[in-house]
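**Q** Need coordinates for the below:
(one chain, ligands or ions: 1)
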Amino acid sequence: MQNIGFAAGSLIKGRWTVVKKIGQGAFGEIFSGKNIINNEQIAIKVEKVDTKKQVLRLEVAVLKKLQLCPYVCRFITCGRHNDYNYMVMELLGENLSELRRRQLDGKFSLGSTLKLGVQMIQSLQAVHDLGYLHRDVKPSNFAIGLNPSKRNITYLIDFGLARRFVLASGEVRPARDSTGFRGTARYASINSHLSKDLGRRDDLWSIFYVLIEFAEGQLPWRKLKDKDQIGEMKQKYNTPELVKDLPPQFSQFMKHLKSLNYEDRPNYVFLQTLLNDCYASLGLSETTPFDWEIQLNGGASSSSTNQQQQQQQQQRNLNQSGLNNSSARLMASPSTIEVEASGKSTQLNNSNNNNNNKVENDSSPHPQIIRRNSESNSQIANSSESDNKGSGGGSWNQKSSSPRHKDKNNLQDDAGEGSQKHLKASNNNNYNSNNTNHHNNMNGGSSSNQPIDKVELSHQQQKSSTTKCCSTSKCSVM
Ligand SMILES: Nc1ncnc2c1ncn2[C@@H]1O[C@H](COP(=O)(O)OP(=O)(O)OP(=O)(O)O)[C@@H](O)[C@H]1O
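**A** Numbering: from 1, shown residues only. Coordinates of the predicted model:
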């Protein structure tokens, strides 16, 4: 595609300059850029206005709602430039697929895998608690922060395949009998391969496969290209055999996922606790750096010496427990696939991000490995009412520069789809918090063991978390 209107040096809305292309996804292109007023580095995702499957509006709608989740990319503005819709967001660093492949043996240490898992589950919980499924969970859809102080934070990106799974009433949409395949073959749940309607559990199955790949460097179906064959292999490995070389918490993780039905809310706290317990058993502390931070620091300072010692300790623990025995494989990022219920499939290219980010030494404290409390959940729920305070806003309407998201008016709620049979969605959010910290709430508090499937949203609360989506987006048709 020729980037007419988004060539390097282009000025968007007199404020954003395009620097270079940094990513190519199935549904658009991503450019790095700069805010010429304050020199802030930004990313711009663009989509042609005449694209048949427009997903950017949905992405904007979902991202705006998630702005108070510390593990979701910051939205800045959106609009139209020439023949393109665009979304300006925070420029992030490398995605997790790139980072893993950059590891010498193509895998992350178990410590980094576990910490990543905790953050990834947390971002998925935020998405789910807003009433959305992500449906394309994979390593290239998580990126670390760009600034040195944020290279220990993982951000969820790409809401192009998101779908509302709750109705305005708060009830889970009834499962459809048969749907097309959605997602990326390597990480999709077995349900997706079977064309079953997806629920919250399916995003967690993808996280599970991602974590195995992180820790072992590969998945058994890594060499297969055909999605049906991949699905068959997943069914064959749908036993603890899949995680036999990993700590027992992984089979407990799997057991929990297997216990979930379509409409069930996963026990996010339980899953995070499993990962945290495993992490603690390795003798690692919250300040143990991620693998890429150690490489970055290169042993130059006393703090990095300390980090190296922790890394060595981790290695010893792994060797003792016999868990560090996977062979290395380097793999390219798999692509998103859409298969309509008719069976027509689209394999979508996912080229690698050649982000050339300048990285400095990171002396910042590391976030705690878990500990998201009910306050942070309430921030997420309230975000839909506060309507993205602190973000630039933006509009698809070229004439408008209102920061109050006029694009919302153009978006059509897809919540009406479905039949009369409704299943109640449970939620453990505490909606009384006024905490509005943005992207900095990494301390969280304790991982309380309160029953998480008991508290339900009131009708009003659910209304506040109902977002609107464009009629042409995948959201409304899938
Ligand atoms: N805010 C950002 N900052 C830096 N890089 C980004 C940002 N957003 C996206 N990217 C890069 O661009 C790649 C593609 O972005 P994204 O997943 O949003 O596009 P997509 O068209 O939906 O892709 P896919 O087909 O893989 O789902 C990402 O894997 C990431 O490497």
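**Q** Now look at the helix or strand where residue 112 lies and say if it contacts the ligand.
**A** According to DSSP states H and E, residue 112 maps onto helix 110-129. No. Helix 110-129 does not reach the ligand (Cβ under 6 Å from any ligand atom); its nearest approach is 14.0 Å. Where C-beta positions appear, they are placed from N, C-alpha and C, glycine not excepted.
**Q** The protein: helices as residue ranges?
**A** Per DSSP state H, the chain carries helices over the ranges 56-65, 96-102, 110-129, 190-193, 200-216, 227-236, 248-258, 268-281, 291-297, 302-321, 374-386, 459-464, 474-477.
**Q** Would you mark the buried spots in the second one?
**A** Taking 16 or more other Cβ atoms under 10 Å as the basis for neighbour counts, the residues of helix 96-102 that come out buried are 96-101.
**Q** which residues does residue 51 contact?
**A** Residue 51 sits next to 27-28 when contact means Cβ atoms under 8 Å, 6 or more residues apart in numbering.
**Q** residue ranges of the strands in the stretch 51-200 of the chain, please?
**A** 75-81, 84-90, 92-95, 132-133, 142-145, 154-156, 163-164, 171-172, 182-184 (DSSP state E, counting those that start in this stretch).
**Q** any idea how far whichever residue of the stretch 1-150 of the chain sits closest to the ligand lies from residue 184?
**A** Proximity to the ligand, evaluated over the stretch 1-150 of the chain using Cβ to the nearest ligand atom, is greatest for residue 25 at 1.7 Å. Separation of residue 25 from residue 184 (Cβ to Cβ, to the nearest Å) stands at 11 Å.
**Q** ok, now residue 251?
**A** The gap separating residue 251 from residue 184 is 24 Å, by Cβ to Cβ.
**Q** who has more neighbours, these two?
**A** residue 184 (27 against 17; other Cβ atoms under 10 Å).
**Q** The more buried one against residue 138, yeah?
**A** Yes. Checked against Cβ atoms under 8 Å, the pair residue 184 and residue 138 is within contact range at 4.8 Å.
**Q** Mind putting the strands of the stretch 51-200 of the chain into CSV with distance to the ligand and mean pLDDT?
**A** Converted to CSV, these look like this (distance: least, Cβ to the nearest ligand atom, whole Å; pLDDT from 0 to 100):
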stretch, distance to the ligand, mean pLDDT
strand 75-81, 10, 96
strand 84-90, 5, 96
strand 92-95, 4, 97
strand 132-133, 15, 96
strand 142-145, 5, 98
strand 154-156, 8, 97
strand 163-164, 14, 94
strand 171-172, 25, 96
strand 182-184, 7, 91
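**Q** so which of these comes closest to residue 241?
**A** Smallest distance to residue 241 across the strands of the stretch 51-200 of the chain (Cβ to Cβ): 23.1 Å, for strand 182-184.
**Q** which helices and strands does that closest one pack with?
**A** When contacts are defined as 3 or more Cβ pairs under 8 Å, 6 or more residues apart in numbering; DSSP states H and E, strand 182-184 packs onto strand 336-339.
**Q** Mean confidence (pLDDT) on the strand it packs on, please.
**A** The average pLDDT within strand 336-339 is 58.
**Q** pLDDT below threshold where in the stretch 251-400 of the chain?
**A** Filtered on pLDDT under 70, the stretch 251-400 of the chain yields the residue ranges 295-400.
**Q** hmm, back to that, now distance to residue 47 too, for the strands of the stretch 51-200 of the chain, in a markdown table please.
**A** Formatted as a markdown table, these follow (distance: least, Cβ to Cβ, whole Å):
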| stretch | distance to residue 47 |
| --- | --- |
| strand 75-81 | 10 |
| strand 84-90 | 5 |
| strand 92-95 | 19 |
| strand 132-133 | 19 |
| strand 142-145 | 19 |
| strand 154-156 | 19 |
| strand 163-164 | 18 |
| strand 171-172 | 30 |
| strand 182-184 | 19 |
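**Q** Which of these sits closest to residue 46?
**A** strand 84-90 (4.5 Å).
**Q** tally of neighbours for residue 56?
**A** Close neighbours of residue 56, defined as other Cβ under 10 Å, add up to 26.
**Q** ok, so what distance separates residue 28 from residue 157?
**A** Residue 28 is 12 Å from residue 157, by Cβ to Cβ.
**Q** cool, residue 226 as well?
**A** 27 Å.
**Q** the more surrounded of the two?
**A** More crowded of residue 226 and residue 157, by other Cβ under 10 Å: residue 157, with 23 against 11.
**Q** Return the distance of the more buried one relative to residue 221.
**A** 24 Å.
**Q** Residue 256 too?
**A** Residue 256 is 22 Å from residue 221, where distance means Cβ to Cβ.
**Q** In terms of neighbours, single out the busier of those two.
**A** A count of neighbours by other Cβ under 10 Å puts residue 221 above the other of residue 256 and residue 221, at 20 against 17.
**Q** pLDDT score assigned to the residue lying closest to residue 34 once chain neighbours are set aside?
**A** Spatial nearest neighbour of residue 34, excluding adjacent residues (Cβ to Cβ, 6 or more residues apart in numbering): residue 17 at 5.2 Å. You'll see residue 17 listed with a pLDDT of 97.
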